[in-house]
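Undergrad: The sequence and its predicted three-dimensional model are supplied below.
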Amino acid sequence: MRIAVMAAGAVGGYFGARLAQYGHEVHFIARGRNLDALRANGLRVESTHGDLHLKPVNATDDPAQVGAVDIVLLAVKLWDTEKAAEQARPLVGQRTRVITLQNGIDSVERIAPILGADAAVPGTAQIATVLATPGVIRHTSAFARMRCGRVDRRADPALESFVEAGKAAGLDMAIPPDIAVERWEKFIFLVGLSGVTASNRKPIGPLRQDPATRKHLFDIMREVAAIARAKGVAIAPDYAEARMRFVDTIDPGMKASMLHDLEAGNRLELDWLAGKVIALGRELGIPTPANERVYAALEPYRMGTRA
């Protein structure tokens, strides 16, 4: 398959590298120092599932040089969603599927007016990765999971072919019965993990042991779950409790990507995570005090702190 990864950061770069390793034609859309590193040294992945080094790699900052592909993995930061969709136009042909692998809950709705409702497909990625240095992705979790599917749940042969290709490459990929549930379940957990680790500047280990921060994490997720149910999504009544049990099994050093961004002085996805929950809560009449605490703690850093 012809696949474009936009952009070649920690999430998209990991899945793209595994697909390229298996022999698929993968094009990495990148820029700046990361693009320079990919061109000069290739792409390195340091992973619990086995390291790999791709060299040479197809890397460019111009999607027009790539042309139409079968699949676009859209994995840019949330504030770049519309801009990236505009830039991705040359990648999209009549049968192209653009799968959003971002942290927020509304990415597919934001790109559909730009790239077309048929091309835009919601997806989720559950993985702990970081761009350690330009051209080097560090994968630290035991899991690397991707899900995608149509909002209306209709069959899609193009997606089915992609998922089968991913499975053949050893990736944990599937089309779930209801992608809305998958999207919200990821969002619930991510908002909680990002909120509690970033606002406390600590990895999950000590936070899950402290009664106060443990309760804060639970309260954040419970609020998001209540909003999902109010929107008609079939979230299990005990989903937040189940996620707390999962929290006890993950690497104690795990940090959400928002904490990595905070430590690096980068812009934060705060407005599309805790900020989105607060906005939806106001719209639906659901109180969100735990998420408001997160937003207040991180708002001074939302645009980054690097000079």
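TA: Here it is on my side, so go on.
Undergrad: Contact partners for the most centrally placed residue in the chain?
TA: When the chain is reduced to its mean C-alpha position, the closest residue under C-alpha atoms, centre = their mean turns out to be Gln102, at 3.3 Å. Residues in contact with Gln102, defined by C-beta atoms under 8 Å, 6 or more residues apart in numbering, are Leu74, Ala75, Val76, Lys77, Leu78, Thr81. Where you see a C-beta, it was placed from the backbone N, CA and C, and this is true even at glycine.
Undergrad: now with 6 Å?
TA: Leu78 (C-beta atoms under 6 Å, 6 or more residues apart in numbering).
Undergrad: what about it, which SS state?
TA: coil (DSSP: H, G, I helix; E, B strand; the rest coil).
Undergrad: So for it, what pLDDT did the model give?
TA: Residue-level confidence at Gln102 comes out at 94, pLDDT.
Undergrad: do you know how far it is from Glu241?
TA: Distance, Gln102 to Glu241, by C-beta to C-beta, to the nearest Å: 26 Å.
Undergrad: And for Gly281?
TA: Note on Gly281: its distance to Glu241, by C-beta to C-beta, is 20 Å.
Undergrad: And the two? Which one has more around it.
TA: Gly281 (20 against 13; other C-beta atoms under 10 Å).
Undergrad: any idea which element the more buried one lies in?
TA: Using DSSP states H and E, Gly281 maps to helix 274-284.
Undergrad: for Lys215, same thing?
TA: Using DSSP H and E, Lys215 falls in helix 211-230.
Undergrad: So which bits of the helix or strand just after that helix are buried?
TA: Once the chain leaves helix 211-230, the next helix or strand it forms, by DSSP H and E, is helix 239-247. Residues Tyr239, Ala240, Arg243, Met244, Val247 are the ones in helix 239-247 that count as buried (16 or more other C-beta atoms under 10 Å).
Undergrad: Tell me which other helices or strands the host helix or strand of Lys83 touches.
TA: If you go by DSSP H and E, Lys83 is part of helix 81-87. Here helix 81-87 touches helix 107-115, going by 3 or more C-beta pairs under 6 Å, 6 or more residues apart in numbering; DSSP states H and E.
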